[in-house]
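>>> Can you look at this prediction? I've put the sequence above it.
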Amino acid sequence: MVQVAAALLFALAAGIGVTVILAMLKHNENAILSALLGEGAFPVGAASQPDPAPRKLTLRHAPARRDAPLRVRASLPLQPALSRAA
């Protein structure tokens with residue numbers, strides 16, 4: 001009985017998935033087909049071209065942080081969390 005319910009649920013999910021795919025194809029068929037053919041939905045010639053940058057900006061290096069934590073070396077050997085017997 002559980003297997004029959006699982007099979008029906010799987011069939012329902014598969015049907016919904018196919019319905020969604022068909023709806024997407026119906027709504028965006030031109031864009032999807034042109035992308036599959038390698039043309040792309042937005043041709044390069046129709047795209048807007050950006051204006052050139054008015055001037056070049058140089059970035060400053062940030063000063064070293066003095067409040068950064070320092071590394072502390074462990075003086076004791078580290079023990080494994082689990083023993084070898086476990």
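Structure's in. What do you need? Numbers count the residues shown, from 1 in each chain.

>>> can we go C-alpha only for contacts and neighbour counts from here?
Noted.

>>> State the mean pLDDT of stretch 71-86.
For stretch 71-86, the per-residue pLDDT values average out at 66.

>>> Please apply the same query to stretch 4-21.
pLDDT averaged over stretch 4-21 gives 96.

>>> what's the neighbour count on residue 33?
The local packing of residue 33 (other CA atoms under 10 Å) involves 14 other residues.

>>> what do you get for residue 37?
9.

>>> Distance of it relative to residue 25?
Relative to residue 25, residue 37 is positioned 15 Å away (criterion: CA to CA, to the nearest Å).

>>> Report the secondary structure state of residue 34.
With DSSP: H, G, I helix; E, B strand; the rest coil as the basis, the three-state label of residue 34 is helix.

>>> Just the pLDDT at it, thanks.
At residue 34, the predicted lDDT confidence score is 78.

>>> how close does it get to residue 28?
Distance, residue 34 to residue 28, using CA to CA: 10 Å.

>>> just residue 21 next, same as before
Using CA to CA, which is the criterion applied here, residue 21 is 11 Å from residue 28.

>>> got it, and residue 10?
Using CA to CA, we find residue 10 at a distance of 27 Å from residue 28.
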